[in-house]
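[1] Okay, sequence plus prediction incoming.
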Amino acid sequence: MKLKIKLFDKNLSLPEYQTDKAAALDLYARVDITIAPKRVGYVPLNIALELPPDHWALLAARSSLHKKGLMMANGIGVGDEDYCGDNDEYQAALLNFTNQPVVVKKGERIAQLIILPRERIEIEEVAELGNKDRGGLGTTGY
């Protein structure tokens, strides 16, 4: 599968897999940004994408992001196939959960990108599903 990527700052690397078996491409902060305590900062990721037909982009935090006192404010990001304009730069909405300002440096790897197939579903409303209840959220233990 081929993915068309536009870089906004050509001095930064293209997204890349860090190992042969990595599931996601690492994405880099395009600018230095300081995120105030208990606030959300928007970090441009230096890419616009043209996704393959019937695919979507999943944007997730790198597993080490929490060590900086940051987490993705919206859990994950979803990039639709039609978010593909020349100025449609992907961004990470990062929440600083600490009591101190957190600095993200230009070129720092902060997010990951996975491209997945998209299949439209057909919704069928029913009065009952007819299956056995499991008992609610967390019923299989922790």
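    That came through fine.
[2] So which residues of the chain form strands?
    For the chain, strands defined by DSSP state E occupy the ranges 4-7, 25-28, 33-35, 40-44, 47-50, 55-61, 70-72, 77-79, 91-96, 102-104, 109-117.
[3] N46 - how many residues pack around it?
    Using other C-beta atoms under 10 Å, N46 has 26 other residues around it. Quick note: C-beta positions are derived from backbone N, CA and C, even for glycine.
[4] which residues touch the spatially most central residue of the chain?
    Nearest residue to the geometric centre of the chain (C-alpha atoms, centre = their mean): L59, 1.6 Å. Residues near L59 by C-beta atoms under 8 Å, 6 or more residues apart in numbering: L27, L45, M72, I76, G77, V78, G79, Y90, A92, A111, Q112, L113.
[5] Can you flag the buried ones in those residues?
    Using 16 or more other C-beta atoms under 10 Å as the burial test, these include L27, L45, M72, G77, G79, Y90, A92, A111, Q112, L113 as buried.
[6] Pick the one among those residues closest to E124.
    G79 (28.0 Å; C-beta to C-beta).
[7] pLDDT weak spots in this protein?
    By pLDDT under 70, the low-scoring segments of the chain are 139-142.
[8] swap the cut-off to 80 and go again
    The model of the chain has pLDDT under 80 over residues 135-142.
[9] how close does the closest residue to A23 other than its chain neighbours get to D9?
    When the adjacent residues along the chain are set aside, A23 lies closest to I114, with 6.3 Å between them (C-beta to C-beta, 6 or more residues apart in numbering). For I114, the distance to D9 equals 23 Å [C-beta to C-beta, to the nearest Å].
[10] okay, now H66: neighbour count?
    11.
[11] Kindly apply the preceding question to R109 instead.
    Using other C-beta under 10 Å, R109 has 17 other residues around it.
[12] List the residues that contact the nearest residue to it once chain neighbours are set aside.
    Counting by C-beta to C-beta, 6+ apart, the nearest residue to R109 once its immediate chain neighbours are dropped is D26, at 4.4 Å. Contact analysis of D26 by C-beta under 8 Å, 6+ apart lists P15, E16, Y17, Q18, R62, R109, A111, Q112, L113.
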